[in-house]
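In: Generate a structure from the sequence data that follows.
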Amino acid sequence: QVLLVESGGGLVQTGDSLSLSCTASGRTFSNYAMGWFRQAPGKKREFVAAISWGGGNTNYADSVKGRFTISRDNAKNTVHLQMNSLKPEDTAVYLCAADKYGLGYSQETLYEYWGQGTQVTVSS
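Out: Presented below is the predicted three-dimensional model:
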């Protein structure tokens, strides 16, 4: 079992930056790839970014490439999502997830454990 808790969400304006964190407890954090997904009201959950178990491989959705950066600190059991140049369409609940296969792919079905999410709202 892996317990994931997100933090760092909030209300910002277009063009602002925000940093999300996800802290894990339970099984060995460094064995898992970590991903960020988001879900806006009335829309399906979508992939945002992922990072492999060792941090050597990252993967981004086209919509956030160049604006968002995912990183991890295995010593602190934490994964971060730095979000820059935020847009109103980035408004969503952001969830982190853990993938036991460790490679950092985008497929939602690979992710076994999920956090509760943190709200990010970008005003225009």
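
In: element containing the closest residue to W36 other than its chain neighbours?
Out: Distances taken as Cβ to Cβ, 6 or more residues apart in numbering put V48 closest to W36, at 4.3 Å, once the chain neighbours are dropped. In short, each C-beta sits where N, CA and C put it, glycine included. Using DSSP states H and E, the secondary-structure element containing V48 is strand 46-51.

In: list the buried ones in that strand?
Out: In terms of neighbour count (16 or more other Cβ atoms under 10 Å), strand 46-51 has its buried residues at F47, V48, A49, A50, I51.

In: Equivalent analysis for stretch 72-83, please.
Out: Under the neighbour-count criterion of 16+ other Cβ under 10 Å, stretch 72-83 has R72, N74, N77, T78, V79, H80, L81, M83 buried.

In: Could you tell me which of those residues belong to helices?
Out: Among the buried residues of stretch 72-83, no member falls in helices (DSSP state H).

In: Out of those, the closest to G10 would be?
Out: The nearest member of the buried residues of stretch 72-83 to G10, counting by Cβ to Cβ, is M83 at 10.9 Å.

In: and that closest one, what does it touch?
Out: Taking Cβ atoms under 8 Å, 6 or more residues apart in numbering, we find M83 in contact with S17, L18, S19, L20, V64, R67, F68, D90, V120.

In: that older thread, P41: which of the buried residues of strand 46-51 is nearest?
Out: Among these, and counting by Cβ to Cβ, the member closest to P41 is V48, at 16.4 Å.

In: how near is that closest one to Q1?
Out: 24 Å (Cβ to Cβ, to the nearest Å).

In: Spatially central residue for the protein, please.
Out: Here the mean C-alpha position of the chain is nearest to the C-alpha of W36 (Cα atoms, centre = their mean), at a distance of 2.2 Å.

In: C-alpha coordinates for the one helix or strand it maps to, CSV please?
Out: Using DSSP H and E, W36 falls within strand 33-39. Provided in CSV are the C-alpha atoms of strand 33-39 (Å, rounded to 0.1, in the frame of the first residue of the first chain):
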residue,chain,number,x,y,z
ALA,A,33,7.3,5.8,-11.2
MET,A,34,5.2,8.8,-10.3
GLY,A,35,2.7,10.6,-12.4
TRP,A,36,0.5,13.7,-12.3
PHE,A,37,-2.9,13.6,-13.8
ARG,A,38,-5.7,16.2,-13.8
GLN,A,39,-9.4,16.3,-14.0
